[in-house]
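Student: coords please:
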Amino acid sequence: MTDTYSEEMDAVKSDLVTLKSDLANLTKSVKADAQTNAAELRENASIKLKAAQKNAMEAGTKSREKAQLTIKKNPIASIAATAGLGLVVGALMARR
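Tutor: Numbering: from 1, shown residues only. Predicted structure coming up:
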């Protein structure tokens, strides 16, 4: 019975060593995958940010051009609208 117990203990020890090695390899693999995924996510976020910046710049340019055209077509109405907006903002600020 002692020989069998000794053999079983040696087998368990061997299995634990193998398990430890496999766990270390798995941890390294998971770490490498996580780093790769993080790099991909950063790259995708960077691309989307650049696209959003470009879209915002284009929208701002279009809005500015449209406002300039409207002001050129209707200068008196534009001045009146600006004055009215100034009065509203002034009244709201005076209430504070």
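Student: what ranges does this protein have for its helices?
Tutor: 2-73, 75-94 (DSSP state H).
Student: check contacts around residue 54.
Tutor: Residue 54 makes no contacts at all, as judged by C-beta atoms under 8 Å, 6 or more residues apart in numbering. Where you see a C-beta, it was placed from the backbone N, CA and C, and this is true even at glycine.
Student: where does it land on pLDDT?
Tutor: Residue 54 is assigned a pLDDT of 95 by the prediction.
Student: same deal with the one 4 residues further on?
Tutor: Model confidence at residue 58, given as pLDDT, is 95.
Student: where's it relative to residue 65, distance?
Tutor: As judged by C-beta to C-beta, to the nearest Å, residue 58 and residue 65 stand 11 Å apart.
Student: overlap in contacts of these two?
Tutor: Common neighbours of residue 58 and residue 65, using C-beta under 8 Å, 6+ apart, do not exist here.
Student: could I have stretch 61-80 exported to PDB, CA atoms only?
Tutor: What follows is stretch 61-80 as a C-alpha-only set of coordinates in PDB (Å, rounded to 0.1, in the frame of the first residue of the first chain):
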ATOM      1  CA  THR A  61     -17.900  75.200 -41.900                       C
ATOM      2  CA  LYS A  62     -21.300  74.500 -43.600                       C
ATOM      3  CA  SER A  63     -23.100  76.200 -40.700                       C
ATOM      4  CA  ARG A  64     -20.800  79.300 -40.800                       C
ATOM      5  CA  GLU A  65     -21.200  79.600 -44.600                       C
ATOM      6  CA  LYS A  66     -25.000  79.300 -44.300                       C
ATOM      7  CA  ALA A  67     -25.100  81.900 -41.600                       C
ATOM      8  CA  GLN A  68     -22.900  84.300 -43.700                       C
ATOM      9  CA  LEU A  69     -25.200  83.800 -46.700                       C
ATOM     10  CA  THR A  70     -28.300  84.500 -44.600                       C
ATOM     11  CA  ILE A  71     -26.700  87.600 -43.100                       C
ATOM     12  CA  LYS A  72     -25.700  88.900 -46.600                       C
ATOM     13  CA  LYS A  73     -29.300  88.200 -48.000                       C
ATOM     14  CA  ASN A  74     -31.100  89.800 -45.000                       C
ATOM     15  CA  PRO A  75     -28.700  92.200 -43.100                       C
ATOM     16  CA  ILE A  76     -31.400  94.200 -41.300                       C
ATOM     17  CA  ALA A  77     -33.300  91.000 -40.200                       C
ATOM     18  CA  SER A  78     -30.000  89.600 -39.000                       C
ATOM     19  CA  ILE A  79     -29.200  92.700 -37.000                       C
ATOM     20  CA  ALA A  80     -32.700  92.700 -35.500                       C
END
